[in-house]
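Asker: Predicted coordinates and the sequence they were generated for:
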Amino acid sequence: MDTIFALATARGKAGVAVIRISGPQALTAARALAGDLPSARRAGLRRLVDSQGDVLDSALVLRFEEGASFTGEDVVELHCHGSPATVTALLRTLGEMDGLRMAEPGEFTRRALENGVLDLAQVEGLGDLLEAETEAQRRQALRVLSGALGEKAEGWRSALIRAAALLEAVIDFADEDVPVDVTPEVAGLLQGVARSLDAEIAGVAAAERIREGFEVAIVGPPNAGKSTLLNHLARREAAITSEHAGTTRDVIEVRMDLNGLPVTILDTAGLRDSADAVETIGIERAIARARSADLRVFLLDEAGRIEGLDPAPEDIVVRGKADLVRDGQFAVSGKTGQGVGDLVARITAFLETRAARAETATRERHRMAMLRAGESIAEAQNRLSLGMDAAELAAEDLHRAIRALDSLVGRVDVEQVLDEIFARFCLGK
Ligand SMILES: Nc1nc2c(ncn2[C@@H]2O[C@H](COP(=O)(O)OP(=O)(O)OP(=O)(O)O)[C@@H](O)[C@H]2O)c(=O)[nH]1
Ligand SMILES: [K+]
Ligand SMILES: [Mg+2]
């Protein structure tokens with residue numbers, strides 16, 4: 001096993017940079033640089049020198065023992081001065097040592113997985129945490145990183161193993177009287193797991209939105225003030241506005257953080273029957289993107305008509321140019337800001353309700369594994385509804401369900417997903 005090293009903090013100038021070394025030669029390499037090492041998990045200030053004895057930096061050295069480190073291997077961290085030249089000199093010196101090489105992107109985490117420090121779902125959670133930009137993303141990723149999905153999977157697993165064992169006991173007693181009727185207990189176990197899986201499966205869509213961001217589309221007739229409203233929300237001139245109807249053609253996206261939820265607001269072309277070919281393409285794009293958005297804000301003009309798209313029950317329909325409205329109806333103005341706070345509060349409340357549906361599972365891979373498990377459980381339930389003659393086949397169904405759940409945490413099928421997961425990790429993670 002190679003000993004690997006990399007800069008663990010971001011590139012560039014900083015007060016402190018952390019270089020991480022992991023593997024069987026980590027302690028030897030660190031001793032070559034720093035002399036005697038502090039005891040495990042104690043920071044020690046050391047002068048770091050190269051092979052000629054020239055001083056490279058004065059740094060805090062921190063050592064983690066095999067079995068009690070991020071990778072599970074011997075790990076040393078060098079907390080050095082964060083200048084690019086210091087980091088380069090240290091990385092060069094490490095690279096010249098025997099048995100050491102620069103880590104590949106995600107390689108520290110991959111070792112943590114291989115050594116059983118993290119399960120596959122936790123690795124995904126770590127990847128999400130490192131990319132988290134909003135509070136909801138941070139909380140969700142931390143939950144997965146802490147092993148919450150693995151714990152759930154373990155609960156389902158033991159219930160299914162118990163149910164399969166009960167069925168297998170029936171098989172063993174095939175020609176004799178079975179001492180107790182296991183049917184009610186098996187049925188209860190399967191129903192419990194199936195219900196819990198259903199809730200998790202239903203929550204994945206919301207969890208994916210938290211990971212990747214919700215979409216809210218502003219739609220309405222030309223000149224309703226959509227782009228002006230977007231610019232007000234963005235606090236910058238993200239979209240061109242003008243008195244000409246049909247100004248916006250491309251969908252314009254502005255990323256926002258609404259009370260911790262990541263949201264992309266879409267400004268779209270005004271909806272109308274247009275003779276202009278380019279504007280018509282814009283209108284088609286507007287309708288397609290608005291349809292697939294999580295929520296639409298219909299911004300109306302004084303005519304109050306909507307063409308080409310019907311609001312869904314959850315959508316917000318509001319009059320624009322509030323400063324020109326006299327009758328006290330709910331209206332917003334991107335020009336004066338009137339009603340915008342109220343609108344944002346409505347959008348946020350809706351998205352929070354959506355986000356609350358998220359459970360522990362966060363991605364399509366999880367959903368597929370749970371669906372496969374759910375299908376196998378349903379098959380077992382069907383067979384057992386006809387009696388205990390099919391106990392053997394039902395037990396096989398349950399073992400298939402267990403294997404599907406095992407793929408959640410990476411007990412099986414790891415190789416297929418690893419490359420996809422680690423492609424997102426950058427150097428030093
Ligand atoms: N009085 C008033 N005028 C507004 C308001 N919002 C926008 N306008 C004006 O209305 C005109 C159209 O505004 P836009 O924001 O370009 O409207 P739009 O809905 O994006 O228009 P299209 O992109 O063409 O569909 C511009 O002249 C704006 O200055 C508002 O709240 N009050
Ligand atoms: K316009
Ligand atoms: Mg516009």
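Answerer: All right, it came through fine. Ligands and ions are numbered 1, 2, ... in the order given.
Asker: who touches stretch 292-311?
Answerer: Contact partners of stretch 292-311, identified using Cβ atoms under 8 Å, 6 or more residues apart in numbering, comprise 209, 214-221, 223-226, 229, 266, 271-273, 283, 287, 290-291, 312, 314-321, 324, 332, 343, 347, 350-351, 354. Placement of C-beta: from N, CA and C, glycine included.
Asker: Filter the residues you listed to keep only those in contact with ligand 1.
Answerer: Asn223, Ala224, Gly225, Lys226, Lys321, Leu324 (Cβ under 6 Å from any ligand atom).
Asker: Flag the least confident of those.
Answerer: pLDDT across these is lowest for Leu324, at 94.
Asker: residue contacts, that one?
Answerer: Going by Cβ under 8 Å, 6+ apart, Leu324 touches Glu302.
Asker: now for the longest helix seen in the chain, which elements pack on it?
Answerer: When the chain is scanned for its longest helix (criterion: DSSP state H), the result is helix 183-212. With contacts taken as 3 or more Cβ pairs under 8 Å, 6 or more residues apart in numbering; DSSP states H and E, helix 183-212 sits against helix 135-145, helix 148-172, strand 261-267, helix 340-355, helix 364-385.
Asker: follow-up on the earlier one: inside strands: which ones of the contacts of stretch 292-311?
Answerer: Taking DSSP state E, the ones among the contacts of stretch 292-311 that sit in strands are Phe214, Glu215, Val216, Ala217, Ile218, Val219, Leu266, Ile316, Val317, Val318, Arg319.
Asker: Show me which of these is closest to ligand 2.
Answerer: Among these, Ile218 lies closest to ligand 2 (Cβ to the ion), at 12.7 Å.
Asker: about what we covered before: just say which of the helices and strands packed on helix 183-212 is most tucked in.
Answerer: strand 261-267 (a mean of 22; mean count of other Cβ atoms under 10 Å).
Asker: Next, the angle from the longest helix of the chain to helix 364-385.
Answerer: 160 degrees (axes from the mean of the first three to the mean of the last three Cα atoms, to 10 degrees).
Asker: just to revisit the earlier point, so which of the ones next to ligand 1 among the contacts of stretch 292-311 is the most crowded?
Answerer: Lys226 (31 neighbours; other Cβ atoms under 10 Å).
Asker: tell me the contacts of it?
Answerer: Contacts of Lys226 by Cβ under 8 Å, 6+ apart are Ile218, Val219, Gly220, Thr248, Asp267, Thr268, Gly270, Leu299, Gly320.
Asker: can we see that at 10 Å?
Answerer: By Cβ atoms under 10 Å, 6 or more residues apart in numbering, the contact set of Lys226 is 217-220, 239, 241, 247-248, 252, 266-271, 286, 297-299, 320, 334.
Asker: Which ones among those also lie next to ligand 3?
Answerer: Thr247, Thr248 (Cβ under 5 Å from the ion).
Asker: And the buried ones among the contacts of Lys226, selectable in ChimeraX?
Answerer: Of those, the buried ones can be selected in ChimeraX as follows, counting by 16 or more other Cβ atoms under 10 Å:
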select :217,218,219,220,239,241,247,248,252,266,267,268,269,270,271,286,297,298,299,320,334
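Asker: Take the ones in strands among the contacts of stretch 292-311 and write them to a markdown table, including distance to Arg372 and pLDDT.
Answerer: Formatted as a markdown table, those follow (distance: Cβ to Cβ, whole Å; pLDDT from 0 to 100):
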| residue | distance to Arg372 | pLDDT |
| --- | --- | --- |
| Phe214 | 28 | 98 |
| Glu215 | 29 | 98 |
| Val216 | 33 | 98 |
| Ala217 | 34 | 98 |
| Ile218 | 39 | 98 |
| Val219 | 38 | 98 |
| Leu266 | 35 | 98 |
| Ile316 | 38 | 98 |
| Val317 | 41 | 97 |
| Val318 | 44 | 97 |
| Arg319 | 49 | 97 |
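Asker: what's the closest of those residues to Glu359?
Answerer: Distance to Glu359, by Cβ to Cβ, is smallest for Phe214 among those, at 17.3 Å.
Asker: What about that closest one, how many residues nearby?
Answerer: By the criterion of other Cβ under 10 Å, Phe214 has 23 neighbours.
Asker: That one contacts Ala206, correct?
Answerer: Yes - using Cβ atoms under 10 Å, Phe214 is in contact with Ala206, at 9.2 Å.
Asker: Overlap in contacts, those two.
Answerer: Shared contacts of Phe214 and Ala206, counting by Cβ under 10 Å, 6+ apart, come down to Asp294, Leu351, Arg354, Ala355.
Asker: And stretch 87-102, end to end?
Answerer: By Cα to Cα, to the nearest Å, the extent of stretch 87-102 from end to end equals 13 Å.
Asker: Establish whether stretch 254-269 and ligand 2 are in contact.
Answerer: No - Stretch 254-269 stays clear of ligand 2 (Cβ under 5 Å from the ion), getting no nearer than 9.7 Å.
Asker: Ramachandran coordinates for the residue lying closest to Glu66 once chain neighbours are set aside?
Answerer: The shortest distance from Glu66 to any non-neighbouring residue, by Cβ to Cβ, 6 or more residues apart in numbering, is to Asp74 (4.9 Å). With angles defined as degrees, to the nearest 10, Asp74 sits at phi -60, psi 130.
Asker: Check Arg285 too.
Answerer: phi -60, psi -40.
Asker: what sits against it?
Answerer: The neighbours of Arg285, taking Cβ under 10 Å, 6+ apart as the test, are Arg249, Asp250, Val251, Leu266, Thr268, Ala269.
Asker: and the third one, what pLDDT?
Answerer: Turning to Val251, the model gives it a pLDDT of 98.
Asker: That one reaches Gly282, doesn't it?
Answerer: Yes - with contacts counted by Cβ under 10 Å, Val251 reaches Gly282, the gap being 8.2 Å.
Asker: anything in contact with each of those two?
Answerer: Thr268, Ala269.
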